[in-house]
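In: Kindly generate the corresponding structure for this input.
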Amino acid sequence: MSTKILVIEDNDQDRKIIGRYLKKSGYEDVVFAESGEEGVAKAKVENPDIVVSDTMLPGIDGFEVCRQIREHFGPDTPKIIIMTGAVDAVDAVKAKKMGANDYCVKTSDYEPLLDAVKNVGGS
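Out: Numbers count the residues shown, from 1 in each chain. Prediction:
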């Protein structure tokens with residue numbers, strides 16, 4: 001069984017690059033959302049194993065996405081990774097408080113994201 005990953009990212013170029021990196025790393029079942037609200041709605045329909053959400057999104061932010069997904073699904077699944085492009089914007093305490101399993105900084109090689117996906121159980 002493959003790992004289904006939902007990526008919530010408003011930047012078109014970042015979505016394409018993240019999708020490419022995930023697929024190159026063997027994650028074939030990747031779906032995307034462009035806003036926090038769309039991400040929460042897609043999570044409810046797609047039932048992903050892992051949700052990767054950017055912090056800065058139009059509408060609700062990644063922390064609120066995390067909180068709403070946890071409220072809907074419960075504390076264990078899906079695994080949630082909060083991702084940010086601004087190092088000082090990463091608030092590990094807030095991410096954990098909202099129910100995130102991990103967080104990472106977006107870098108040009110996306111290795112931290114791949115590490116986080118593997119860390120939360122992406123086989």
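In: Can you tell me the number of residues neighbouring the residue lying closest to residue 11 once chain neighbours are set aside?
Out: In this structure, residue 11 finds its nearest non-sequential neighbour in residue 54, 7.7 Å apart by C-beta to C-beta, 6 or more residues apart in numbering. C-beta here means a position set from N, CA and C on the backbone, and glycine is covered the same way. As a burial measure, residue 54 scores 23 neighbours (other C-beta atoms under 10 Å).
In: same question, the one 10 residues further on
Out: The burial count assigned to residue 64 is 16, neighbours taken as other C-beta under 10 Å.
In: Check residue 15 and give its pLDDT.
Out: pLDDT, residue 15: 94.
In: Torsion angles phi and psi at it?
Out: Dihedral angles of residue 15 (phi, psi; degrees, to the nearest 10) stand at phi -60, psi -50.
In: Residue 39 contacts residue 54, correct?
Out: No - using C-beta atoms under 8 Å as the test, residue 39 is too far from residue 54 to be in contact (9.3 Å).
In: okay, and the common contacts of the two?
Out: residue 8 (C-beta atoms under 8 Å, 6 or more residues apart in numbering).
In: Just checking: what are the partner strands of the host helix or strand of residue 83?
Out: Element membership of residue 83 [criterion: DSSP states H and E] is strand 79-84. Strand 79-84 has the following sheet partners, assigned by DSSP bridges: strand 50-54 (parallel), strand 102-105 (parallel).
In: Redo those as CSV? Include mean pLDDT and distance to residue 79.
Out: Shown next, in CSV, are those (pLDDT from 0 to 100; distance: least, C-beta to C-beta, whole Å):
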stretch, mean pLDDT, distance to residue 79
strand 50-54, 96, 5
strand 102-105, 87, 8
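In: highest average neighbour count across the ones you listed?
Out: Of all the strands paired with strand 79-84, strand 50-54 has the most neighbours on average by mean count of other C-beta atoms under 10 Å, namely a mean of 27.
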